[in-house]
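> what's the 3D shape of this:
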Amino acid sequence: MSNTKNILNDFIVQTSIGLFCSYGNFYLDPKEPVINAVISHAHGDHAVGGNQNVYCTKATSLFMLHRYKKFAAVNFLIKGYHEVFDLNGVKISFYPAGHMLGSALVLLEFGGVKYLYTGDYKLEDDDTCEAIEFVEADVLITETTFANPETEHPNAVGEIQKLNDVEANIMLGSYALGKSQRIISLLNKYCPQKRILVHHSVMPFVKIYEEMGVSLGKYEMYDRKVMKNNHTNMIYIVPPMVYRSYIRAINVVRVFATGWKHLQSNNEVQLYISDHVDWKAILKTIQNVKPKEVWTTHGSGKQLQAHFEPNLVVKLLN
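Numbering: from 1, shown residues only. Have a look, this model is predicted:
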């Protein structure tokens, strides 16, 4: 590991477009189209269409191609996990982030210093994506979506098993990419008596998961007649926009799978399933990465900063 004095405070800077590395002339998960984009995963708040050169994993490229079609990127430069490539003098490699299929921690090496950008990540078991691989680095650039000591995500298995106590049909709100596939897998394993119906907009992502070798179990395309003629033990998985438009839906129990408490308030069953690290998981990550400095992004890092002061430098990028 290198000496702290070699860490470049401006190696990654927050701009209106996103995190920028001037030393390598590229952006990490830019919010607007750029020439060189290193993309950690395919969720829309991290992967926009229209970039010139996109460096990412195979799965990320497939999800982006489905979402943005011919506007996904001019060039996809697909990289496997652990493969080292050079971008304008910066050595870059991807490691599994555990957030969703194809998600990557991005290890950046420059001037003898290692900077690890997490994108979004989680530590919990998830059969639908690659498990996180910790990498030691001098600087950890971590998301802090749930960086609050009072936030502790419950076990996903225990949460999904709540649905076994619901006999009526369930309308389950879930993000179309990543979350829905995890939910389908969990339902098949822990709620086997449930019949799973999937909204048509979720289905293409399900198919890409299967093309990439991920077995999710049984499911079927939503059919209104099926739902209408069967009043128990059916679960209809819908994306957020559809869920909100079905506000007057009758004869269903409303459930939304998320780690955000404010999105649970009007639901009849609270289903706290998150694909992000909570407070304890962030602390465990820091313990495993062994950084000399922690830089925070995607959320507030103030509580993390206060927790480690003065023993570890915690810098807020946003």
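> Straight-line length of stretch 57-75, end to end?
In stretch 57-75, first residue to last residue: 13 Å (Cα to Cα, to the nearest Å).
> Stretch 305-317 too?
Stretch 305-317 end-to-end distance (Cα to Cα) = 12 Å.
> Find the centremost residue of the protein, please.
residue 99 (4.0 Å; Cα atoms, centre = their mean).
> wait, that residue sits on residue 121?
Yes: between residue 99 and residue 121 there is a contact under Cβ atoms under 8 Å: 5.0 Å. (Each C-beta comes from the backbone N, C-alpha and C, glycine too.)
> what do the two both touch?
Here residue 99 and residue 121 have residue 276 as joint contacts, going by Cβ atoms under 8 Å, 6 or more residues apart in numbering.
> Can you check the pLDDT for the residue of the chain positioned farthest from its centre?
Using Cα atoms, centre = their mean, the residue of the chain lying farthest from its centre is residue 229. It sits 35.9 Å away. At residue 229, the pLDDT value in this model is 89.
> Residue 264 too?
At residue 264, the predicted lDDT confidence score is 79.
> Residue 261 now?
Reported pLDDT for residue 261: 84.
> That one - how many residues pack around it?
Counted with other Cβ atoms under 10 Å, the neighbours of residue 261 add up to 10.
> and it, what are its phi and psi?
phi -60, psi -40 (degrees, to the nearest 10).
> And the one 10 residues further on, by the same measure?
Summarising the backbone geometry of residue 271 under the convention degrees, to the nearest 10, its torsions are phi -120, psi 90.
> Distance of it relative to residue 281?
Separation of residue 271 from residue 281 (Cβ to Cβ, to the nearest Å): 19 Å.
> which other helices and strands contact the helix or strand hosting residue 282?
Assigned by DSSP states H and E, residue 282 falls within helix 279-289. In terms of contacts (3 or more Cβ pairs under 8 Å, 6 or more residues apart in numbering; DSSP states H and E), helix 279-289 is packed against strand 139-143.
> any idea how far residue 138 is from the closest residue to residue 56 other than its chain neighbours?
Spatial nearest neighbour of residue 56, chain neighbours left out: residue 39 (4.4 Å); criterion: Cβ to Cβ, 6 or more residues apart in numbering. Distance, residue 39 to residue 138, using Cβ to Cβ: 23 Å.
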